[in-house]
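**Student:** this is a predicted model, with the sequence first.
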Amino acid sequence: NAGVTQTPKFRVLKTGQSMTLLCAQDMNHEYMYWYRQDPGMGLRLIHYSVGEGTTAKGEVPDGYNVSRLKKQNFLLGLESAAPSQTSVYFCASSYQILPFYEQYFGPGTRLTVT
Amino acid sequence: DAKTTQPNSMESNEEEPVHLPCNHSTISGTDYIHWYRQLPSQGPEYVIHGLTSNVNNRMASLAIAEDRKSSTLILHRATLRDAAVYYCILRDSLENFNKFYFGSGTKLNVKP
């Protein structure tokens, strides 16, 4: 049981390039999330999904797109990377929303945009 | 959105108890109190949660004030492995229930 995995672990992009971050979970969770964490700060929610084929905006969605074609995968896309998107990206998943659900986080992807 | 206030950092000696405070004066009746921690270079992990009553689990205890405007995470015997950033988070069970708002947390240093 691998839990939540993220691919890649590290990436360097040039301004204007595009890329996709992959998140996979093997716990059959309905809900999945993408966060970003900037140095010295807490996590901020980018987008989330409440089930296969659904996505919704979080706190900081601009500049990102997401897709949830399969229940176990949640993709985060950057169409035209900007230096402001330099950050560590965390994916998380959870069972269906209950007031006391627990989120399981992946190890993170460190992205640098030059 | 209900926000939390935590000290930026705290220090503890190994094998001693640690009390990590959190203020949430604008908490609503439907907000649950969650604690997560983030070890260096890792994603956050769940620690404990509660609504009104004090809670215990294998990792920690959560003491919630009677008026719910503050709470304290208690690590009974700190180990070096407990050095992490601890986040106190409120989550509304009725609205915006799928949004976790992480503050900057408390960085706990544990001295041997």
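**Tutor:** Now that the structure is in, tell me what you want to look at. Numbers count the residues shown, from 1 in each chain, chains lettered A, B, ... in the order given.
**Student:** surely A:Glu52 and A:Asn73 touch.
**Tutor:** No. Counting by C-beta atoms under 8 Å, A:Asn73 is not a contact partner of A:Glu52; they are 9.3 Å apart. Placement of C-beta: from N, CA and C, glycine included.
**Student:** what helix or strand is the residue most central in space within chain A located in?
**Tutor:** What sits nearest the mean C-alpha location of chain A, by C-alpha atoms, centre = their mean, is A:Trp34, with 2.7 Å. Assessed by DSSP states H and E, A:Trp34 sits inside strand A:31-37.
**Student:** do that strand and chain B come into contact?
**Tutor:** Yes. Counting by C-beta under 8 Å from any C-beta of the partner chain, chain B is contacted by strand A:31-37 at A:Tyr31, A:Tyr33, A:Tyr35.
**Student:** what's the closest of those to A:Val12?
**Tutor:** Distance to A:Val12 across these (C-beta to C-beta) is lowest for A:Tyr35, with 20.4 Å.
**Student:** leaving out chain neighbours, which residue sits closest to A:Thr20?
**Tutor:** Among residues not flanking A:Thr20 along the chain, A:Gly77 sits closest, at 4.9 Å (C-beta to C-beta, 6 or more residues apart in numbering or on different chains).
**Student:** dump the residue contacts of residue 29.
**Tutor:** In the absence of a named chain, this looks at chain A. Residues counted as contacts of A:His29 (C-beta atoms under 8 Å, 6 or more residues apart in numbering or on different chains) are A:Ser93, A:Ser94, A:Tyr95, A:Tyr104.
**Student:** among the residues you listed, show me the least confident.
**Tutor:** Among the contacts of A:His29, A:Tyr95 has the lowest pLDDT, at 83.
**Student:** good, wrapping up.
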